[in-house]
Every structure is written in C-alpha cells, then in structure tokens.
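Undergrad: Just the structure for this:
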Amino acid sequence: MEAFVDPVVNYIEDRLEEGGSVLALLLRYKRRVEWFDRAQLFKAAGKAPARAERLLDADLRRFLLDSGVDCPFSRRSDLAVEAASQVTEDQPLALETRIFARDPQFEVDHIREGFAQALAFAAEHTRPAGYLTVFNLSPERLVFCTSAARDQVPSIRTDGKRVFVVSVQVNPNAALDPETGRAARVEIEESFLVREPATR
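TA: The predicted structure follows:
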C-alpha cells in the first residue's frame, strides 16, 4: 500500500509547492530585480564585496516580508531576540541564498553547498520543498540543467524532497560567447549539485 500511496502524496505535495505562493513570489522578485533593480543592486554589491551575499539576501527577505510572508527567515537565530518572540507560531522558510561570481569563494562549489543547505532546511522544517535563490554577479548567464521540463522552474528531487532553483541575474552586463556571438553561459548540471563534495 505504501508503495502506491507515497508517490501519490509526493506528487500532490510537489504540485501544491510548485503552484504555491513562495515559488510565485521568488519568480516575481526575479522579474523585479532583472527588470528594474539590477544595476542598483549590482553597484551596491560591488561597493561592499565582503557583504554582498548578506546584502542581497536581506533585499530578498525584505521583499518576501512585504509580500506577506510572515517569517521570511530559514532559522529563528536570524531574527533579533525580541522579533523572534513575536513570530513563534510561524514556520521558518526553507530558503537558502547564494551568490555566484568569478571569484574562487563564490563559484559552483558555493552553489552546491547552498543546494545542500536548502535541502537540509526542507528536512528540518518538514516541508516537501526547499528553495535556492542564486544571485548571479557574473556577466555570463547562469543555467541550471535539471530533469524538470524546459518550461518549468529548474528543480531537483532528492532524499524525498524537491529543491527549486531560481537564478537572479544581478549583473547588468552580458558576456558574449566568441564562437557563437550569443550570450555566454555557465551551465550547472543536476548531477553536480546532488553529488557529495570531495573530501580534502
């Protein structure tokens, strides 16, 4: 019986999550940044590279709060003590943010760590799905190659959870591929994200 029921339950949960408000809000935020705010955010991130990830993360979570998400944080420790006491009944959000930049500290391994964290948040908060938002500060277009249909948000199912990956192009400049003349791309495969990093 479980073999039949579990896939049905997983399917229904995925559809609820995929059509849910969190994913819709993340896509709305992506459009807002890419249509209106990316030059301003890119400039702010460039002025404070050491704090760029925190700055962009705060901008997204402020947007989520303004859009009706009562607790846009993934951990209660992210809240001030007095604020945390006011939202004890609200479920933390299974959302992780990362930046991608042409810097060894913020390249593809940094994104893979973010994917693992989003997955861990989904498990910790007993949610069927987690979310990874990647702020792309490089001029190349960031593309996630997953098993999701081409017209859907990239997502990966693993360990009984689904993680949606939303890339936000913050860099207003576009690099061109010298061979094709089209926008240059950095592709990240699903197999890379789910693979355990090599031990040092």
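Undergrad: helix or strand for residue 32, which one?
TA: helix 21-32 (DSSP states H and E).
Undergrad: surely residue 137 meets residue 172?
TA: No. Using C-beta atoms under 8 Å, residue 137 is not in contact with residue 172; the gap is 10.6 Å. All C-beta atoms are positioned from the backbone trio N, CA, C, and that covers glycine.
Undergrad: ok, back up a step: list the helices and strands the helix holding residue 32 packs on?
TA: helix 52-66, strand 129-136, strand 161-169 (3 or more C-beta pairs under 8 Å, 6 or more residues apart in numbering; DSSP states H and E).
Undergrad: before we move on, the earlier item: what do residue 137 and residue 172 both touch?
TA: Taking C-beta atoms under 8 Å, 6 or more residues apart in numbering as the criterion, residue 137 and residue 172 both touch residue 42.
Undergrad: So for those two, which residue has more residues nearby?
TA: residue 137 (24 against 13; other C-beta atoms under 10 Å).
Undergrad: which ones are touching that one?
TA: 42, 45, 52, 99, 100, 101, 106, 170, 171.
Undergrad: The last one - that's part of a helix, no?
TA: Same thing as residue 171. No. Per DSSP: H, G, I helix; E, B strand; the rest coil, residue 171 lies outside any helix segment and is coil.
Undergrad: Could you measure from it over to residue 136?
TA: 6 Å (C-beta to C-beta, to the nearest Å).
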